[in-house]
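A.B. asks: Structural data only, the sequence is not supplied:
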């Protein structure tokens, strides 16, 4: 664990100005890229051990995304870090106005277990690019990946620049946040813990980014391409055995297309994972017995339309379609975070909206329709952190889009330039001219209201 002494050394190192030069930041990113490539095989093995991810899925959803983010910043950091000129208003003429990007200081990044590498290292890349010192707290649940990540950090960075903290988060994180004032806390995980982080940060007026979750709905209208919908829904829902914060948490097809969609989903699951998904190269496992037991409770809260088979010893739950009619059940009130897809139907848009509004501000919202007007109307009707039309979760892969929640699903945003903004302070700077220096700008002000009204309008 990072002791107070080590945290204070990190503060001293930041205040020395060593992390500010762009050349330094680029060098750290290059070193990190090299280390990730060096440990690519070890990461593949660790993520297979922890979650049974194939090396292809690891690249697509973990290491590849982080390396892409590093490459982005190496190309864009000069422009991102440069002062940005803005217009100067009349009362400040002649003068120059610009926004200056300052590193925040010592920041804390806390990651979950479902994408243990990507969700720790992706914000790390942004924090390095912005010129900060960083404390990393990975999940203690994915032990194999945690060990490889610790090795990468130890061999790549000095501990007073990037520190890696192990141990049970419930004990380690509060202690750190109570004894040391971080300049920003970036947390990805569940809402309950997010509230605790928020309270701890509030005591020291520390800004936070909270990447939480929620019940992301997926609406399928009568105007949808159902074969396309089935493929894209199944891909996102059952990737990583459903342990993804932006996977569809429940499916809302129109009553007229429900039976066809269910049949196509069954067919698609079989194509993706075979008749025995437990034997599939591409199908993952539940992370722990605790999570397995939690998920098993949901299987009894609806009618199993497909899947439902399970094996506790293997931490295996098959891709499962579950017909649900009661929205008050826990499966419709809690984030599932597993390979179980509840399916409800709606007869008109208002009925669907009433269901969605029972769990407002989801992290993501998905709608399948080939009608542009209908798509735009759904996007307007459902507030969410992000949204996709005719696909699922793919917005996360676009660095040009901000990723984050709203309300119950989180605070703040990151990815690409948005990560740079999150880990930077945008300082407003006005460079005023020394001449002219008109006397009307100074007291006494009586009789000058007409001039002020012309200057400030």
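C.D. replies: That came through, no problem. Note that this is a predicted model, so its numbers are computed, not measured.

A.B. asks: show me where pLDDT drops low in the protein?
C.D. replies: By pLDDT under 70, the weakly predicted segments of the chain are 1-2.

A.B. asks: correct me, but residue 309 touches residue 318?
C.D. replies: Yes - using CB atoms under 8 Å as the test, residue 309 is close enough to residue 318 to be in contact (4.5 Å). Heads up, the C-betas are built off the backbone N, CA and C, glycines and all.

A.B. asks: what do these two both touch?
C.D. replies: Taking CB atoms under 8 Å, 6 or more residues apart in numbering as the criterion, residue 309 and residue 318 both touch residue 278.

A.B. asks: Looking at the two, which has the bigger crowd around it?
C.D. replies: Taking neighbours as other CB atoms under 10 Å, residue 309 and residue 318 compare with residue 318 leading, 22 against 14.

A.B. asks: what's near enough to touch that one?
C.D. replies: Neighbours of residue 318 in contact, by CB under 8 Å, 6+ apart: 277-278, 307-310, 339.

A.B. asks: right, and the helix or strand after the helix or strand hosting residue 379?
C.D. replies: For residue 379, the element it lies in under DSSP states H and E is helix 372-381. For helix 372-381, the following helix or strand on the C-terminal side (DSSP H and E) is strand 386-389.

A.B. asks: Mind giving me the packing neighbours of that next one?
C.D. replies: strand 364-368, helix 372-381 (3 or more CB pairs under 8 Å, 6 or more residues apart in numbering; DSSP states H and E).

A.B. asks: Buried residues in that strand, which are they?
C.D. replies: Of the residues in strand 386-389, 386-389 count as buried by neighbour count, 16 or more other CB atoms under 10 Å.

A.B. asks: okay, now the domains of this structure?
C.D. replies: Using automatic domain parsing, the domain parsing of the chain gives 4-212+406-429, 217-397.

A.B. asks: Go ahead and flag the most central residue of this structure.
C.D. replies: Residue closest to the average C-alpha location in the chain (CA atoms, centre = their mean): residue 211, at 5.0 Å.

A.B. asks: Is it bridged to anything, and to what?
C.D. replies: Listed by DSSP bridges, the beta-bridge partners for residue 211 are residue 188, residue 410.

A.B. asks: Just to check, it is in contact with residue 185?
C.D. replies: No - contact criterion CB under 8 Å: residue 211 and residue 185 do not qualify, at 11.4 Å.

A.B. asks: For the closest residue to residue 84 other than its chain neighbours, which residues are in contact?
C.D. replies: Leaving aside its chain neighbours, residue 84 sits nearest to residue 99 (4.5 Å; criterion: CB to CB, 6 or more residues apart in numbering). Going by CB under 8 Å, 6+ apart, residue 99 touches 83-84, 86, 426-429.

A.B. asks: ok, now how distant is residue 219 from residue 197?
C.D. replies: As for residue 219, its distance to residue 197 is 32 Å (criterion: CB to CB, to the nearest Å).

A.B. asks: Could you check which of the two is surrounded by more residues?
C.D. replies: Neighbours were counted for residue 219 and for residue 197 using other CB under 10 Å; residue 219 has more, 26 against 23.

A.B. asks: Pretty sure the more buried one sits in a strand.
C.D. replies: Yes - secondary structure of residue 219 (DSSP: H, G, I helix; E, B strand; the rest coil): part of a strand.

A.B. asks: Name the stretch among the helices and strands packed on strand 386-389 that sits most buried.
C.D. replies: strand 364-368 (a mean of 27; mean count of other CB atoms under 10 Å).

A.B. asks: Run the chain-centre distance for that one.
C.D. replies: Remark: strand 364-368 is offset 17 Å from the chain centroid, using CA atoms, centre = their mean, to the nearest Å.

A.B. asks: by how many degrees do it and helix 372-381 diverge?
C.D. replies: 160 degrees (axes from the mean of the first three to the mean of the last three CA atoms, to 10 degrees).

A.B. asks: list the helices and strands strand 364-368 packs on?
C.D. replies: Looks like strand 364-368 contacts strand 217-220, helix 226-238, helix 372-381, strand 386-389 (3+ CB pairs under 8 Å, 6+ apart).

A.B. asks: Now find how far off-centre the strand or helix carrying residue 154 is within its chain.
C.D. replies: Element membership of residue 154, judged by DSSP H and E, is helix 143-156. Counting by CA atoms, centre = their mean, helix 143-156 is centred 21 Å from the centre of its parent chain.

A.B. asks: and that helix, which residues are buried?
C.D. replies: 144-146, 148-149, 152-153, 156.

A.B. asks: For burial, what's the neighbour tally of the residue nearest to residue 105 when sequence neighbours are not counted?
C.D. replies: Among residues not flanking residue 105 along the chain, residue 183 sits closest, at 3.4 Å (CB to CB, 6+ apart). Number of residues near residue 183 (other CB under 10 Å) recorded here: 18.

A.B. asks: Next: residue 391.
C.D. replies: 16.

A.B. asks: same check, this time on residue 301
C.D. replies: 15.

A.B. asks: That one and residue 363, how far apart?
C.D. replies: 22 Å.

A.B. asks: Repeat that for residue 318.
C.D. replies: For residue 318, the distance to residue 363 - CB to CB - is 25 Å.

A.B. asks: Which element is encountered next along the chain beyond the strand or helix carrying residue 102?
C.D. replies: Using DSSP H and E, residue 102 maps to strand 95-103. Later in the chain than strand 95-103, the nearest helix or strand by DSSP H and E is strand 106-110.

A.B. asks: list the buried ones in that next one?
C.D. replies: 106-110.

A.B. asks: so residue 393 touches residue 242, yeah?
C.D. replies: No - using CB under 8 Å, residue 393 is not in contact with residue 242; the gap is 11.7 Å.
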